[in-house]
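# got a predicted structure here, sequence first:
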Amino acid sequence: MRGKELAKNTAIMLFGKLFTQFLVFLLLPLYTHLLSKDEYGVVDLISTYITIAIPVTTIQLEMAAFRYLIDARKEREKQGEIIRTTFRDFIARTLAFSLLYLIAVQFFNFDYKYFALLAAIAVGFSNILLQISRGLGKNTDYTIASVLAGMTTISSNLIMICLLHFGAESILISMALANVVCSSYLLLRLGIPKLLRTSKSSKQLSKSMIKYSLPLVPNSISWWLINSSDRTIVSIILGVAANGTYAVACKFPSILSGFIGVFSNTWTESASLHINDADRDEYFSSVASNALRIFTSIGVGIIAFLPFIFNIIIGEGYKDAYEYIPIAILGVILNSMVLVYSSVYVAKKMTKKVAATSIASAIINIVVDLGLIKFIGLYAAVVSTAVAFLVMAIYRHFDLKKYVKIKYNPKDIILAALAFVLVTICYYTNSLLYLCVGAALAVLYATWQNRALIEKTLRGVFKK
């Protein structure tokens, strides 16, 4: 029952994520053919800073709303109190941030500064509503909102870049528009205005939610440092053009990140609901093992088949991004294991532990990046991220044994490592024969490792 519940929620949200990511991925040729490396590098850097400004401003209130709403799914009055309290705190903090930002940019001038603020506010607001929809168990609405955001992103970019001949600011304007559309749908669909009118906020609840969410802020900063500090270091030491290359290289691992993000969302919900079950260890171990097999299969598959289409979809000026993709994908695969453990910490409301382990990994990421970038250039960015996630995964695995015993089959880890190494070797040969061998190995690995899941799925299809 729990497995079906997790699979159903994952499938619903995965459809929206895949559809959205497919639409957004279509923009990559547009960016790499019509925008210069410098333009794309600058906007990518701004987008990166938006991702850290939001959790710092909101102190991760959206995650508190999600977790508290899970426990209040049968209490409509309590839901209203949680949502109104969340909105009140969010609006107050956003207004304060906006005022400080508008003062600060008078002294630190940079391109697209007002577009960046609009995008940040829109993303922060939609994040709140998306997590509220998850907390209420409205995963279908979450998916529809995500699809609408994706469609808005691609249509607005096409109009502004291709027809109106705008520059890189189109990316930020589209980001703002997409999140406004997402928020508008959820506001109406979830009946938020009515809830806000008929409910009261609570100072006591606000204190409790802040106590839960506040430790997630250093965690978010740490995740930002692991995922995004590389862009700052690359831009300062190697230049914004190099960051443009790095940004394109990271677009392909983001396909896998999309799958992992959906899984992480649904797994956090499932872990929170079943953290006290008698057979919890067996269930959690099964989920972790399946995640390792599935995400390694997807990652290895991307590495194996990407060489056949890379030159078609990427502009000439960005071709050197090809070199860095396999190591970046390795980092994402390791991140999937980290997120499996992170959801268990969240389920047990141990957010301080999440923050502590993330901060340590962020420091490792920066030290490795700075230590290697002078010697191996852009490779330092992807290597440091992979090392940081590896250390965090190992530490969390052993630390969580005090609370939940998650076990893997050693054979799964060996096969995953072997498949990654062999397919990556084929990737770098640039020989058609070896590329075909790599593709065959990827298919063989995915089929063999996920044969039980494939058989189960096929039985279900034919039974229907």
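Yep, that arrived.

# what about F420, distance to I298?
Relative to I298, F420 is positioned 12 Å away (CB to CB, to the nearest Å). In this view, the C-beta of every residue, glycine as well, is placed from N, C-alpha and C.

# could you do L273 as well?
From L273 across to I298, the span is 26 Å (CB to CB).

# of these two, which one has the most company?
Higher neighbour count among L273 and I298: I298, with 21 against 17, using other CB atoms under 10 Å.

# please name the residues that touch the more buried one.
Shown in contact with I298 (CB atoms under 8 Å, 6 or more residues apart in numbering): I255, L256, F259, A446.

# correct me, but L136 touches K74?
No. The pair L136 / K74 is not scored as a contact, 11.1 Å apart, by CB atoms under 8 Å.

# give me the spatial nearest neighbour of L372, chain neighbours excluded.
Nearest non-adjacent residue to L372, counting by CB to CB, 6 or more residues apart in numbering: A380, 3.8 Å away.

# how far off centre is the lengthiest helix in the chain?
In the chain, taking DSSP state H as the definition, the longest helix is helix 76-104. Centroid displacement of helix 76-104 relative to its chain, using CA atoms, centre = their mean, to the nearest Å, is 23 Å.

# quick one: buried residues of it?
Using 16 or more other CB atoms under 10 Å as the test for burial, helix 76-104 gives 78-90, 93-94, 97, 101.

# please apply the same query to stretch 298-315.
Applying a neighbour-count criterion of 16+ other CB under 10 Å, one finds I298, G299, V300, G301, I302, I303, A304, F305, L306, P307, I314, G315 buried in stretch 298-315.

# and if you look at stretch 331-349?
By 16+ other CB under 10 Å, the buried positions in stretch 331-349 come out as 331-348.

# mind listing which of these are in helices?
Judged by DSSP H, helices contain the following of the buried residues of stretch 331-349: 331-347.

# before we move on, which element is the residue positioned nearest the centre of the chain in?
Taking CA atoms, centre = their mean, the centroid of the chain lies closest to G261, which sits 4.8 Å from it. Secondary structure assignment for G261, by DSSP states H and E: helix 253-274.

# quick one: distance of the following helix or strand past that helix to the chain centre.
The helix or strand immediately downstream of helix 253-274 is helix 280-305, counting by DSSP H and E. Its chain's C-alpha centre and that of helix 280-305 lie 16 Å apart, by CA atoms, centre = their mean.

# measure E282 to K456 for me?
Per CB to CB, E282 is found 17 Å from K456.

# ok, L99 next?
With the distance defined as CB to CB, L99 ends up 55 Å from K456.

# same deal with V217?
To K456, V217 is 40 Å away according to CB to CB.

# more neighbours: which of these two?
V217 (17 against 13).

# can you pull out the helices in the stretch 51-200 of the chain?
For the stretch 51-200 of the chain, applying DSSP state H, counting those that start in this stretch gives helices covering 61-70, 76-104, 113-135, 139-157, 169-189, 192-198.

# need those in JSON lines (columns: mean pLDDT).
Compiled in JSON lines, these are given as follows (pLDDT from 0 to 100):
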{"stretch": "helix 61-70", "mean pLDDT": "83"}
{"stretch": "helix 76-104", "mean pLDDT": "86"}
{"stretch": "helix 113-135", "mean pLDDT": "86"}
{"stretch": "helix 139-157", "mean pLDDT": "83"}
{"stretch": "helix 169-189", "mean pLDDT": "88"}
{"stretch": "helix 192-198", "mean pLDDT": "81"}
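
# tell me which of those helices sits most buried.
helix 61-70 (a mean of 25; mean count of other CB atoms under 10 Å).

# report the distance from that helix to the chain centre.
The chain centre lies 18 Å from the centre of helix 61-70; the measure is CA atoms, centre = their mean.

# quick one, it and helix 113-135 angle?
Helix 61-70 runs at 10 degrees relative to helix 113-135, counting by axes from the mean of the first three to the mean of the last three CA atoms, to 10 degrees.

# wait, what's in contact with the closest residue to A122 other than its chain neighbours?
In space, and not counting its chain neighbours, A122 is closest to N179: 3.8 Å by CB to CB, 6+ apart. By CB under 8 Å, 6+ apart, the residues touching N179 are A119, A122, V123, F125, S126, A149.

# which one of those residues is nearest E169?
When those are ranked by distance to E169 (CB to CB), A119 comes first, at 10.1 Å.

# picking up where we left off before, where does the residue nearest to L372 land on pLDDT?
Note for A380: predicted pLDDT of 92.

# do T232 as well
Turning to T232, the model gives it a pLDDT of 77.

# which helices and strands sit right next to the helix or strand where A417 lies?
Under the criterion DSSP H and E, the helix or strand holding A417 is helix 410-429. Judged by 3 or more CB pairs under 8 Å, 6 or more residues apart in numbering; DSSP states H and E, helix 410-429 is in contact with helix 280-305, helix 325-347, helix 432-449.

# quick one: L225 and K353, what's the gap?
18 Å.

# what of I144?
Taken as CB to CB, the span from I144 to K353 is 34 Å.

# with K74 instead?
Taking CB to CB, one finds K74 at 29 Å from K353.

# do the same with L117
Noted for L117: a distance of 34 Å to K353, by CB to CB.

# endpoints of stretch 193-210, how far apart?
23 Å (CA to CA, to the nearest Å).

# re earlier: who has more neighbours out of K74 and K353?
Comparing K74 with K353 by neighbour count (other CB under 10 Å), the higher total belongs to K353, at 21 against 7.

# give the contact list for the more buried one.
By CB under 8 Å, 6+ apart, the neighbours of K353 are Y345, D399.

# so which helix or strand takes in it?
Residue-wise, K353 maps onto helix 351-376 under DSSP H and E.

# show me what the very next helix or strand once past that helix is packed against.
Downstream of helix 351-376, the next assigned helix or strand under DSSP H and E is helix 379-399. On a contact count with 3+ CB pairs under 8 Å, 6+ apart, helix 379-399 meets helix 216-237, helix 325-347, helix 351-376.

# show the subsequent helix or strand relative to the shortest one.
If I follow you right, that is helix 216-237. That would be, after helix 216-237 and using DSSP H and E, helix 240-251.

# on contacts alone, who are the packing partners of that following helix?
helix 27-34, helix 37-58, helix 216-237, helix 325-347.

# next one: stretch 126-135 to chain centre, how far?
Centroid separation for stretch 126-135 versus its chain: 15 Å, with CA atoms, centre = their mean.

# could you do stretch 216-225 as well?
Between the centre of stretch 216-225 and the centre of its host chain there is 13 Å, according to CA atoms, centre = their mean.

# ok, and what's touching that stretch?
48, 51-52, 55-56, 59-60, 63, 351, 354-355, 358-359, 361-362, 365-366.

# against V262, how distant is R93?
Look at R93 and V262: by CB to CB, they are 28 Å apart.
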